[in-house]
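Q: build me a structure from this.
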Amino acid sequence: MEVLKDFENADTISIDTLALEEMLQEERAKEISQLNLLSKKVCYLHTSLLYYRNPKSKMGSACYEAWRTLVKWAGGSPNTWKDLGYALGIVQADLDYITNAVKEDPADVVLKVFMQNEKATLDKILDAFVKMKRYDILKALEDPLSDLAQFFHKDDSGYHSNNTKEIISYTKDLPDDLPPALNKKYVLRSKDPNRPKQPVMKPQPKKDDESEKSDGPTLFLSYAEDGIATAYNIKYYISNWTDILGVKVITLNDRREEVFQNPEKFIREYFEKADFVVPIVTAGYIQEIRSHNPTMPSTSDNLDCKYVNFIYNLIINHYIHASGCMNMKVRSVLPQDSVNVLRDITMYPDLMPWTFENDFDEQFKAFLNKDYS
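A: Got it, this is the predicted structure:
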């Protein structure tokens, strides 16, 4: 059998390695040039924009797609997220802590640690991948970041001025779920020879009773880990309401400093203060409340996820003892992708869905308009 029938003169075949190398260098130079253009487009965009969530807007979809691509590629191999963190200036002790003590996606955690810096712009992430020589990741990020940048690069967008080059950040409803060991809100007091040097939380301004009062309703959200995205969406919808003013949304994770002082006291107090408790009913939520063990909270770093069971026990007590099995306080929301839990929720009459997530903006606003507009 003549295996090399088409290559009878195989010994005389040579490859022009020099020409091939030059071709590769030209291709790489072209890629670097494109990356430089992309870097200029995103040099004023803060990494926090990756966490803007609004499924109904093109910009929200672009932010999510850029975040998804970055996290997927950076977390695709065991060491890539570590190399990225190191290239972004995250200290080794923090990277070791993420490795050994954090259960969330490490690539996502690295981004959240990095974006605590006011100057954590997206071009620095591109520079980090260049240092790592991960041109495959840079190529994957090119289209998502270009799509994202176009929403802020238009002259009439109102977001950016080519003259000022101000950094554009997203701060409203930004997730603040980093563990205390990685969270820069835990800082050292200013140097004082009379004080012991120990880490303390930034002092929160004290709120008197008047500041706690609001003309609008107070909603207390409760959700498991698979309901976090829905919680962000609900807060975003409410933040854009113009015909109902003063609506206050309470989540434990947004009030971490206060909750840490006495979680049970804080939850009971705001459960009573809230006009409505809004559980986000997902498969994870049902699984949590089925554990029947309120003294064993979730191990999640998100405080709302930790205390799902505790809050649900307050819902039961209120439903049975305070309202005589009439649902006066609970307004459950069912995410669109969680309709399969409907057959399980029949066991929980106090949690029967009041609205779907996609209908929340219109239905809940119309409902509250009756009493608070």
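Q: please enumerate the strands of the stretch 251-373 of the chain.
A: Assigned by DSSP state E, counting those that start in this stretch, the stretch 251-373 of the chain shows strands spanning 276-280, 332-334, 353-356.
Q: ah, wrong one, I meant the stretch 51-200 of the chain
A: Secondary structure of the stretch 51-200 of the chain (DSSP E, counting those that start in this stretch): strands at 186-188, 199-201.
Q: out of the strands of the stretch 251-373 of the chain, which gets nearest to Ile286?
A: Closest to Ile286 of the strands of the stretch 251-373 of the chain is strand 276-280 (Cβ to Cβ; 10.2 Å). In short, each C-beta sits where N, CA and C put it, glycine included.
Q: so how far is that closest one off the chain centroid?
A: 20 Å (Cα atoms, centre = their mean, to the nearest Å).
Q: same question, stretch 321-339
A: Here stretch 321-339 is found 26 Å from its chain centre; the criterion is Cα atoms, centre = their mean.
Q: buried sites along that stretch?
A: Using 16 or more other Cβ atoms under 10 Å as the test for burial, stretch 321-339 gives 327, 329-335, 338.
Q: looking at the residues you listed, spot the one nearest Asn302.
A: Of all the buried residues of stretch 321-339, Asn302 sits closest to Pro335, with 16.4 Å by Cβ to Cβ.
Q: check contacts around that closest one.
A: The contact partners of Pro335, by Cβ atoms under 8 Å, 6 or more residues apart in numbering, come to 227, 229-230, 280-282, 356-357.
Q: roughly how far apart are the closest residue to Lys124 other than its chain neighbours and Glu288?
A: Excluding its sequence neighbours, the residue lying closest to Lys124 (Cβ to Cβ, 6 or more residues apart in numbering) is Leu88, at 6.6 Å. Distance of Leu88 to Glu288, computed by Cβ to Cβ, to the nearest Å: 34 Å.
Q: between these two, who's got more neighbours?
A: When Leu88 and Glu288 are compared on other Cβ atoms under 10 Å, the one with more neighbours turns out to be Glu288, at 23 against 20.
Q: how about the helices in the stretch 101-250 of the chain?
A: Using DSSP state H, counting those that start in this stretch, the helices of the stretch 101-250 of the chain run over 106-114, 122-131, 135-149, 209-212, 228-239.
Q: just put those helices in a markdown table and tack on distance to Leu49 and mean pLDDT.
A: Below are those laid out as a markdown table (distance: least, Cβ to Cβ, whole Å; pLDDT from 0 to 100):
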| stretch | distance to Leu49 | mean pLDDT |
| --- | --- | --- |
| helix 106-114 | 11 | 93 |
| helix 122-131 | 8 | 92 |
| helix 135-149 | 7 | 90 |
| helix 209-212 | 31 | 44 |
| helix 228-239 | 14 | 86 |
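Q: isn't Pro263 right up against Tyr307?
A: Yes - the criterion here is Cβ atoms under 8 Å, and Pro263 meets it with Tyr307 at 6.5 Å.
Q: alpha carbons of stretch 330-349, as PDB, please.
A: What follows is stretch 330-349, C-alpha atoms only, in PDB (Å, rounded to 0.1, in the frame of the first residue of the first chain):
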ATOM      1  CA  VAL A 330     -47.200  39.000  50.500                       C
ATOM      2  CA  ARG A 331     -46.900  39.700  46.700                       C
ATOM      3  CA  SER A 332     -44.900  37.000  45.100                       C
ATOM      4  CA  VAL A 333     -43.200  37.400  41.800                       C
ATOM      5  CA  LEU A 334     -42.600  34.400  39.400                       C
ATOM      6  CA  PRO A 335     -39.600  34.700  37.000                       C
ATOM      7  CA  GLN A 336     -40.600  33.800  33.500                       C
ATOM      8  CA  ASP A 337     -38.200  30.900  33.400                       C
ATOM      9  CA  SER A 338     -39.500  29.400  36.700                       C
ATOM     10  CA  VAL A 339     -43.100  28.500  35.600                       C
ATOM     11  CA  ASN A 340     -42.300  24.900  36.300                       C
ATOM     12  CA  VAL A 341     -42.400  25.600  40.000                       C
ATOM     13  CA  LEU A 342     -46.200  26.300  39.700                       C
ATOM     14  CA  ARG A 343     -47.000  22.600  40.400                       C
ATOM     15  CA  ASP A 344     -44.900  22.700  43.600                       C
ATOM     16  CA  ILE A 345     -46.200  26.000  44.900                       C
ATOM     17  CA  THR A 346     -49.700  24.700  45.400                       C
ATOM     18  CA  MET A 347     -48.500  23.500  48.800                       C
ATOM     19  CA  TYR A 348     -47.800  27.100  49.800                       C
ATOM     20  CA  PRO A 349     -51.000  29.300  49.500                       C
END
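Q: kind regards, and thank you for your time.
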